[in-house]
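Enquirer: no FASTA, just this:
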């Protein structure tokens, strides 16, 4: 039996090589792999002596030779293949151990491996005869099977081949993404790529999917460092489910969208239920922001996701534990006594710590066998870009609430209307086919708190009726994108009702 070793990542190499040598496996090695083996007194034959040609082109060519690839690709069950090997003085290679240049970690032309993927794919194609290993984590299992059985089983070879093709597919996907991100000029900002090549690895088993009868798991892009859950640590509670993570992302992103909106403070809390906010608030500190967010709609907060982008101390922990159960609680940090208190009172609550989120490069949604792809929805315009279109200007206090309610509305399912007062979003109408119905629902949720409050609409008011619903409830300032054919009528209505209105010129539909 002969094994060819050519690895960039030398982890576990010495142990593998020694184990194979003890099993009388002849070792072939390339370049630096050969040197490492020699330095550790492990006998091997350098690939250059097999091919008769030294490495050239700064190492770009060392294994691309028939003496290597014929030995890997020969089908042992075909007499013609074995005759070809004999006539050309080539011996079969039964195992290929290879991992590639770390392109995703250090992208660049010289990190694009050519010989490695070629050998890996050749060995994986011929898995019925050849064992291919691309992951050092598999070295021990392969050695154990060789020791106990003398051969590698067909089932193991097939699994390793599948892993090898996944490895090269992920590698090529990373290279394509690098071209899209760095070598396509300004096009990357003005158009989506002509093709998408996504390679994902299962990173978390979930309790179940959207419903208990559905399997669920979290997958992460292999070449991306932008996963919102990369730094997640679960400190307590039940196993996470599909919807827990879905809602947790929505809560964590919104909590960070509103950070810095409170005067002289960065404290803000978001509570999400079924992907929509039910309580959002900013305050002078996290305790005040949490209490305000929770009191916006305590009933809907039951079983929701609470996002606190800060530290949870004992005072805040006592408030959380005393209120209705939350399914998931997210923070930067949870002090030990605070964790013990919440976990003792709410043993099923999933308590998570996470770092601030990094948004992905693209937003992707599946439609059967097709996918909808878009850039992530970010806030392009800010307060300096907004335009007051009415005679009445918002007050400073109203401006603070308008920014808060606008950002919250953008993260609420369309059609959406949101109402806020004194740093608390307390009226949310979401997912309605009619903007008037969304306004009615938001006013019902806010109740008397709509008096003197401000409101936001995620898209323009097509008629004045939705605006009238808000003003009738007591709303005194409104923020909306504008852009309707009847903008003039709506502005006139706002002036007639003596309220301030602001246009953002930026729509935020969410489906």
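Expert: Good, I have the coordinates. All of these numbers come straight from a predicted model, not from anything done at the bench. Residues are numbered from 1 along each chain as shown.
Enquirer: which residues sit against stretch 338-356?
Expert: Outside of stretch 338-356, the residues that reach it under the criterion C-beta atoms under 8 Å, 6 or more residues apart in numbering are 228-238, 240, 244, 248, 252, 256, 309, 312-314, 316-318, 320-321, 325-334. For every residue, glycine as well, the C-beta is placed using N, CA and C.
Enquirer: let me know the average pLDDT across that stretch.
Expert: Along stretch 338-356, the predicted local confidence has a mean pLDDT of 94.
Enquirer: again with stretch 393-403
Expert: Here the mean pLDDT over stretch 393-403 is 94, rounded to a whole number.
Enquirer: same question, stretch 14-26
Expert: Averaging pLDDT along stretch 14-26 gives 92.
Enquirer: quick check on the contacts of stretch 338-356: which are buried?
Expert: Burial of the contacts of stretch 338-356 was assessed by neighbour count (16 or more other C-beta atoms under 10 Å); the buried members are 228-229, 232, 236-237, 240, 244, 248, 252, 256, 309, 312, 316-317, 320-321, 326-331, 334.
Enquirer: what about stretch 370-385, how long is it end to end?
Expert: Length of stretch 370-385, first residue to last, C-alpha to C-alpha, to the nearest Å: 37 Å.
Enquirer: repeat for stretch 57-70
Expert: 22 Å.
Enquirer: so which residues make contact with that stretch?
Expert: Where contact means C-beta under 8 Å, 6+ apart, the residues beyond stretch 57-70 that reach it are 4, 6, 30-31, 47-48, 50-53, 55-56, 84-85, 88, 90, 93, 114-116, 118-119, 122.
Enquirer: just the residues you listed: which are in strands?
Expert: Mapping these onto strands (DSSP state E) picks out 4, 6.
Enquirer: narrow the contacts of stretch 57-70 to just the buried residues.
Expert: When the contacts of stretch 57-70 are checked against 16+ other C-beta under 10 Å, the ones flagged as buried are 4, 6, 30-31, 47-48, 50-51, 55, 85, 90, 93, 115-116, 118-119, 122.
Enquirer: coming back round to it: and the buried ones among the contacts of stretch 338-356, which of them are in strands?
Expert: Among these, the members found in strands (DSSP E) are 236, 309, 312, 326-331, 334.
Enquirer: so what's residue 202 up against?
Expert: The contact partners of residue 202, by C-beta under 8 Å, 6+ apart, come to 217-219.
Enquirer: in ChimeraX, how would I select the buried members of these?
Expert: When burial is assessed using 16+ other C-beta under 10 Å, the buried subset of the contacts of residue 202 is captured in ChimeraX by this command:
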select :218
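Enquirer: in CSV: the contacts of residue 202, plus distance to residue 25.
Expert: Written out in CSV, the entries for the contacts of residue 202 read as follows (distance: C-beta to C-beta, whole Å):
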residue, distance to residue 25
217, 37
218, 39
219, 36
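Enquirer: closest one to residue 469 out of the contacts of residue 202, please.
Expert: When the contacts of residue 202 are compared for distance to residue 469, the smallest value, 40.7 Å, is given by residue 218; criterion: C-beta to C-beta.
Enquirer: tell me the pLDDT of that closest one.
Expert: 85.
Enquirer: using the three-state scheme, assign it.
Expert: Under DSSP: H, G, I helix; E, B strand; the rest coil, residue 218 falls in the strand class.
Enquirer: residues in contact with it?
Expert: Contact analysis of residue 218 by C-beta under 8 Å, 6+ apart lists 202-204, 206, 229, 245.
Enquirer: and what of residue 490?
Expert: Contact criterion C-beta under 8 Å, 6+ apart gives 460-461, 463-464, 467, 484, 501 as the residues in contact with residue 490.
Enquirer: can you rerun that using 6 Å?
Expert: Residue 490 makes contacts with 461, 464, 467, as judged by C-beta atoms under 6 Å, 6 or more residues apart in numbering.
Enquirer: ok, and the closest non-adjacent residue to the second one?
Expert: For residue 464, the nearest residue in space outside its immediate sequence neighbours is residue 493; the separation is 3.9 Å by C-beta to C-beta, 6 or more residues apart in numbering.
Enquirer: any idea whether the one you found is helix, strand or coil?
Expert: When the rule is three-state DSSP, residue 493 gets the label helix.
Enquirer: rewinding a little: closest to residue 136 among the contacts of residue 202?
Expert: Taking C-beta to C-beta as the measure, residue 136 lies nearest residue 219 of those, at 22.2 Å.
Enquirer: so the closest one is in contact with residue 200, correct?
Expert: Yes: A contact is recorded between residue 219 and residue 200 when judged using C-beta atoms under 6 Å, the distance being 4.0 Å.
Enquirer: count of residues packed around the residue lying closest to residue 195 once chain neighbours are set aside?
Expert: Leaving out its chain neighbours, the residue that sits closest to residue 195 by C-beta to C-beta, 6+ apart is residue 176, at 7.5 Å. Residue neighbour count, defined by other C-beta atoms under 10 Å, stands at 16 for residue 176.
Enquirer: so residue 343 is in which element?
Expert: Taking DSSP states H and E as the criterion, residue 343 maps to helix 336-345.
Enquirer: likewise for residue 14?
Expert: With the criterion set as DSSP H and E, the secondary-structure element containing residue 14 is helix 13-22.
Enquirer: now tell me what touches that helix from outside.
Expert: Surrounding helix 13-22, the residues in contact under the criterion C-beta under 6 Å, 6+ apart are 3, 7, 37, 40, 42, 139, 143.
Enquirer: at 7 Å instead, please
Expert: Counting contacts by C-beta atoms under 7 Å, 6 or more residues apart in numbering, the residues outside helix 13-22 that touch it are 3, 5, 7, 27, 36-37, 40, 42-43, 97, 139, 143.
Enquirer: just the buried ones from these, in PyMOL syntax?
Expert: Typed into PyMOL, the line below selects the buried ones among these, using 16+ other C-beta under 10 Å:
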select buried, resi 3+5+7+27+36+37+42+97+139+143
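Enquirer: got a markdown table for the contacts of helix 13-22, with distance to residue 479 and secondary structure too?
Expert: Putting the contacts of helix 13-22 into a markdown table (distance: C-beta to C-beta, whole Å; DSSP: H, G, I helix; E, B strand; the rest coil) gives the following:
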| residue | distance to residue 479 | secondary structure |
| --- | --- | --- |
| 3 | 67 | strand |
| 5 | 64 | strand |
| 7 | 58 | strand |
| 27 | 70 | strand |
| 36 | 64 | helix |
| 37 | 68 | helix |
| 40 | 68 | coil |
| 42 | 70 | coil |
| 43 | 75 | coil |
| 97 | 61 | strand |
| 139 | 60 | helix |
| 143 | 65 | helix |
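Enquirer: which of the contacts of helix 13-22 sits closest to residue 359?
Expert: residue 7 (35.1 Å).
Enquirer: what bridges to the closest one?
Expert: Counting by DSSP bridges, residue 7 is bridged to residue 99.
Enquirer: ok, now how distant is it from residue 99?
Expert: The span separating residue 7 from residue 99 equals 5 Å under the rule C-beta to C-beta, to the nearest Å.
Enquirer: one step back: just the ones of the buried ones among the contacts of stretch 57-70 in helices?
Expert: Using DSSP state H, 31, 47-48, 50-51, 85, 115-116, 118-119, 122 are the members of these that sit in helices.
Enquirer: ok, the closest residue to residue 432 other than its chain neighbours - how many residues close by?
Expert: Leaving aside its chain neighbours, residue 432 sits nearest to residue 438 (4.1 Å; criterion: C-beta to C-beta, 6+ apart). Other residues near residue 438 come to 27 when the count uses other C-beta under 10 Å.
Enquirer: tell me the contacts of residue 438?
Expert: Neighbours of residue 438 in contact, by C-beta under 7 Å, 6+ apart: 415-417, 429-430, 432.
Enquirer: cool, thanks, talk later.
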